[in-house]
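Chemist: Here is the input, now give the coordinates:
(chains A and B)
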Amino acid sequence: MTVRLRYAPSPTGHLHIGGARTALFNYLYARHCGGAFILRIEDTDIDRHVDAAAEEFAQNLRWLGIEWDEGVFQGGPHAPYSCMERLPIYARYVQELKDKGLAYECFCTEDELAEAANAQVQAGEMPHYSGRCRHLSESERDAFRAQGRTPTIRLRVPDAHTVTFTDLVRGPLSFDSRSTGGDYRIVKSNGIPVYNFAVVVDDHLMEITHVIRGEEHISNTPRQLYVYEAFGWEAPRFGHVSLILGENGKKLSKRDESIVQFIEQYKELGYLPQAIFNFLALLGWSPEGEQELLGHDELIQQFDLNRLSKSGAYFDAAKLSWMNAQYLRAHDLDDLAGLAKPYLMRCVETAPWTKADSWQRELVALYQDQLTCLSELPEAARAFLSVDVEWSSEARACLRTETGALVAGQFTEMLRQLSDPITPDSARELLKSLGQKTGTKGKDLYFPVRAIATGELHGKDLNRTLALLGHSLLYARAQAALAFVSESE
RNA sequence: GGCCCCAUGGUCAAGCGGUUAAGACACCUCCCUUUCACGGAGGGAACAGGGGUUCGAAUCCCCUUGGGGUCACCA
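Modeler: Residues are numbered from 1 along each chain as shown, chains lettered A, B, ... in the order given. Predicted coordinates for the structure are as follows:
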């Protein structure tokens, strides 16, 4: 039997890290087994439906490197792949259940239900449906209809019935129907089935063999199992993965702003999809060896269900940053320069020279080993991205010292006489003779030069920095530096 | 509150009856370097508590405590 897994999000917002991780685990296992991965959209909630959401999911999933064999925007033998296109299918199965006497119309109002639930809570019981509409006669139903009440449909859940399943990550789990809420609604009053019913029909029809999902679905499982039982279908294997926790130790809420949690945002921040792919795989799963930097194919090869973690995991943004930095450093420079281009082009107003691809490439090369994500580049390299620099107080102090002023003056003079463009090699020669002329070396020599060039005392390799800055910009800065030093004295 | 899940350093985690209790991130120290960063070498830091079972328990069982999930015409 071929293994078939799916990711079935609800199109109500953006793809977030929890969802991406669920998709990833399902994808990884499907690929590991040589099976199929399906993308299905559970859009039964028409009120919360967001139009562009499904498309955005698809784009972000692809960006991450997750491809699906069947599903929305792709097609396949079990099309259609979104609930709202499958309504007639559900209707058939609901009818089957009604015919078998396993589902019935319920005319209770929300108020009536709430009242009953309150009373049960008061009595210390689990709120459960009383079964009031279980045995309505045809005439009673007509009477309700005459009052203008539109029914919902409930599944008859056996009393005192225990369902058991072996969770792929947690082992045997069992639930008593007395604690799962009783007969529950499978069709809303608008005629659209409820998630817990639609997924079962879909998973069955699409021959899903394994369902890996978040721990918050554990309590949904018995309800879904009732549906499988009602139809006499074999249920897939379920695996409930631990939750990703926010800073407060609770399940990551989409409204939680303490961490960046949407894939779209990481994309904008200049994270590499490979790094996120790798990081997400390690959140709730661990490989056998000690290697943590694992690529797409390695992950597929190594992924297995036995090593999923049972306890929740805090999202460690610092580790993601570290991992992204690792991927950044290993990334092909030309490709990286292309990825960095959008960030650099934002600075083109203040620094027209950024337009040159070769210049960008050198700049990216200079900072490649320092960045955590690409969006940091403009700030890290700010001395390169505008004509004027902010002189740090350290830099000012340095230029006001006796040797600082001496070196600055000589350097400016050398710049004035210089006509050739500066290269890293010529910069080295230049500094060498500057040292000889001023009788300085080490920090006495390099700090003032760097201060003039960048406004800072610290930075990347000085020779390359000078070359990349270029002669005219350097000379302008040298003059500006000299001006403020003399005027403040 | 009912039902359910979980519990190893600050964080992610290995471990599945016998280990000096891995490794990674973060932190600290040192080295490298004109500086910053990178890199390299070190360091501090954990089995929630209490009972059992066993020759032996981080590993198995029970209780307590703590944390979490879920109780929708949301998924």
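Chemist: Touching, residue A:462 and residue A:427? I think so.
Modeler: Yes: in this structure, residue A:462 sits in contact with residue A:427. The criterion is C-beta atoms under 8 Å, and the distance is 7.3 Å. Using the backbone N, CA and C atoms, a C-beta is placed for each residue, glycine as well.
Chemist: ok, those two, which is more surrounded?
Modeler: Neighbours per residue (other C-beta atoms under 10 Å) separate residue A:462 from residue A:427, with residue A:427 holding more: 22 against 19.
Chemist: In terms of helices and strands, where is that one?
Modeler: helix A:424-438 (DSSP states H and E).
Chemist: interface residues of the stretch 151-300 of chain A facing RNA strand B?
Modeler: Contacts of the stretch 151-300 of chain A with RNA strand B, taken as C-beta under 7 Å from any atom of the strand, map to A:152, A:170-171, A:173, A:175-176, A:179-181, A:185, A:188-190, A:192, A:194-196, A:215-220, A:242-243, A:245, A:248-251, A:282-284, A:286, A:288, A:290, A:292.
Chemist: 6 Å instead, please
Modeler: If contact is defined as C-beta under 6 Å from any atom of the strand, the residues of the stretch 151-300 of chain A in contact with RNA strand B are A:152, A:170, A:173, A:175, A:179, A:181, A:185, A:188-190, A:194-195, A:215-216, A:218-220, A:243, A:249-251, A:282-284, A:286, A:290, A:292.
Chemist: got it, and the stretch 301-450 of chain A?
Modeler: Selection of the stretch 301-450 of chain A residues close to RNA strand B by C-beta under 6 Å from any atom of the strand yields A:306-307, A:309-314, A:316, A:318-319, A:322, A:369-370, A:442-443, A:446.
Chemist: Give the PyMOL command for selecting the buried subset of these.
Modeler: Remark: buried members of these, expressed as a PyMOL selection using 16 or more other C-beta atoms under 10 Å:
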select buried, chain A and resi 312+313+446
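Chemist: From the residues of the stretch 301-450 of chain A next to RNA strand B, which land in strands?
Modeler: A:313-314 (DSSP state E).
Chemist: Okay, helices next: where are they in the stretch 101-250 of chain A?
Modeler: Along the stretch 101-250 of chain A, the stretches classed as helices by DSSP state H, counting those that start in this stretch are A:110-122, A:138-146, A:195-205, A:221-231.
Chemist: Including mean neighbour count and mean pLDDT, could those helices go into JSON lines?
Modeler: Supplementary listing: the helices of the stretch 101-250 of chain A in JSON lines, determined by neighbours: other C-beta atoms under 10 Å; pLDDT from 0 to 100:
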{"stretch": "helix A:110-122", "mean neighbour count": "12", "mean pLDDT": "86"}
{"stretch": "helix A:138-146", "mean neighbour count": "12", "mean pLDDT": "95"}
{"stretch": "helix A:195-205", "mean neighbour count": "22", "mean pLDDT": "98"}
{"stretch": "helix A:221-231", "mean neighbour count": "21", "mean pLDDT": "97"}
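Chemist: Sweet, I'm off.
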